[in-house]
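In: got a structure for you, letters missing:
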């Protein structure tokens with residue numbers, strides 16, 4: 001019947017056939033609307049599901065990423081925490097007392113008598129506090145000749161050995177420059193040694209030639225120990241002077257340049273001996 005109606009033109013149809021066609025068209029229209037409505041509903045449900053799924057995946061990935069980042073940050077923090085090579089479990093006051101005894105011993109070893117003045121006591125107090133807190137891995141003692149810088153460094157060496165059994169290597173800057181020129185293996189060993197004392201920085205030849213190449217051994221050594229944050233005690237006579245123009249000139253900066261000077265400032269607690277302090281050797 002439907003096939004017969006479908007093949008006829010409207011003018012050939014009876015009233016009964018036209019009504020049947022209208023009913024069929026209406027049913028077809030409603031069926032298509034329902035199908036389209038169902039299709040849109042299915043697409044919306046699928047879209048909502050996909051959004052929910054990717055939101056869940058994204059959230060999981062974010063949480064996993066945050067956990068991973070938190071773990072990584074913890075690892076970096078642990079690896080960046082340079083533990084002090086020598087940790088003295090005592091107060092600064094007690095450390096000062098031990099250091100005083102070691103300092104007196106170094107003075108007596110040279111057949112001299114310690115001049116227990118307020119200036120020496122102040123330096124002992126500062127170095128003792130540094131040894132306990134170690135806010136920086138290095139200590140630099142700057143001042144005029146004969147005021148006790150090398151004696152203080154040797155007292156630190158003696159104190160650490162007696163209290164911790166750790167040996168601090170102490171070398172003159174001129175000896176280190178010679179090692180850089182003639183004995184690269186020993187020189188490289190100084191870059192890595194746990195505790196190092198550099199005496200009389202600035203008295204050496206700043207530039208040396210090794211195998212035809214020019215380099216600055218002390219600058220290289222300081223840069224290496226700065227990078228590794230290794231325990232380093234330095235003494236130097238290089239100080240801050242006033243030139244003819246009335247401008248301050250730092251001999252340390254002038255000798256080694258801005259780069260090494262900047263690293264020394266970050267690496268070291270600096271104790272500047274008073275310019276008025278005269279040599280104890282006099």
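Out: Received, thanks. Note that this is a predicted model, so its numbers are computed, not measured.

In: tell me the average confidence for stretch 241-260?
Out: On average, the pLDDT along stretch 241-260 is 85.

In: buried sites along that stretch?
Out: Neighbour counts using 16 or more other Cβ atoms under 10 Å place 252-253, 255-256, 260 of stretch 241-260 among the buried residues. Heads up, the C-betas are built off the backbone N, CA and C, glycines and all.

In: next one: stretch 94-113
Out: Buried-residue list, stretch 94-113, by 16+ other Cβ under 10 Å: 95-96, 98-100, 102-103, 105-107.

In: same thing with stretch 175-190?
Out: 175-181, 187, 190.

In: Repeat that for stretch 110-124.
Out: Residues of stretch 110-124 classed as buried: 114, 119-120, 123-124 (neighbour count, 16+ other Cβ under 10 Å).

In: among the buried residues of stretch 94-113, which are in helices?
Out: 95-96, 98-100, 102-103, 105-107 (DSSP state H).

In: Contacts only, for residue 221.
Out: By Cβ atoms under 8 Å, 6 or more residues apart in numbering, the residues touching residue 221 are 176, 180, 187, 190-191, 198.

In: just to revisit the earlier point, specify which member of the buried residues of stretch 94-113 is nearest to residue 143.
Out: residue 103 (15.5 Å; Cβ to Cβ).

In: Contact partners for the closest one?
Out: Residue 103 makes contacts with 114, 120, 124, 148, 151-152, 155, as judged by Cβ under 8 Å, 6+ apart.

In: Now, the contacts of residue 221 that are in helices?
Out: 176, 180, 187, 190-191.

In: Could I get those in TSV, plus columns for pLDDT and distance to residue 91?
Out: As requested, the ones in helices among the contacts of residue 221 are exported to TSV (pLDDT from 0 to 100; distance: Cβ to Cβ, whole Å):
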residue	pLDDT	distance to residue 91
176	95	34
180	90	40
187	93	38
190	95	32
191	95	33
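
In: burial measure for residue 18, as a count.
Out: 14 (other Cβ atoms under 10 Å).

In: wait, is it part of a strand?
Out: No: looking at residue 18 with DSSP: H, G, I helix; E, B strand; the rest coil, it is helix, so not inside a strand.

In: quick one: low-confidence ranges for the stretch 1-150 of the chain?
Out: Judged by pLDDT under 70, the stretch 1-150 of the chain has its weakly predicted residues at 1-10, 53-54, 57, 62, 65, 78-85.

In: for it, what spans make up the helices?
Out: Counting by DSSP state H, counting those that start in this stretch, the stretch 1-150 of the chain has helices at residues 2-7, 15-80, 92-109, 118-133, 149-164.

In: Buried deepest among those, which one?
Out: helix 149-164 (a mean of 21; mean count of other Cβ atoms under 10 Å).

In: the inter-axis angle of that helix versus helix 92-109?
Out: 120 degrees (axes from the mean of the first three to the mean of the last three Cα atoms, to 10 degrees).

In: rewinding a little: for the ones in helices among the buried residues of stretch 94-113, work out which two are farthest apart.
Out: Among those, 95 and 107 lie farthest apart (Cβ to Cβ), at 18.6 Å.

In: possible to save the buried residues of stretch 110-124 as JSON lines with distance to residue 274?
Out: Converted to JSON lines, the buried residues of stretch 110-124 look like this (distance: Cβ to Cβ, whole Å):
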{"residue": "114", "distance to residue 274": "18"}
{"residue": "119", "distance to residue 274": "6"}
{"residue": "120", "distance to residue 274": "11"}
{"residue": "123", "distance to residue 274": "10"}
{"residue": "124", "distance to residue 274": "15"}
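
In: ok, now how distant is residue 184 from residue 29?
Out: Residue 184 sits 95 Å away from residue 29, going by Cβ to Cβ, to the nearest Å.

In: Among the buried residues of stretch 241-260, which ones are in helices?
Out: Filtering the buried residues of stretch 241-260 for helices - DSSP H - leaves 252-253, 255-256, 260.

In: ok, the closest residue in space to residue 222 that isn't next to it in sequence - contacts?
Out: Spatial nearest neighbour of residue 222, chain neighbours left out: residue 260 (5.6 Å); criterion: Cβ to Cβ, 6 or more residues apart in numbering. Contact analysis of residue 260 by Cβ under 8 Å, 6+ apart lists 219, 222-223.
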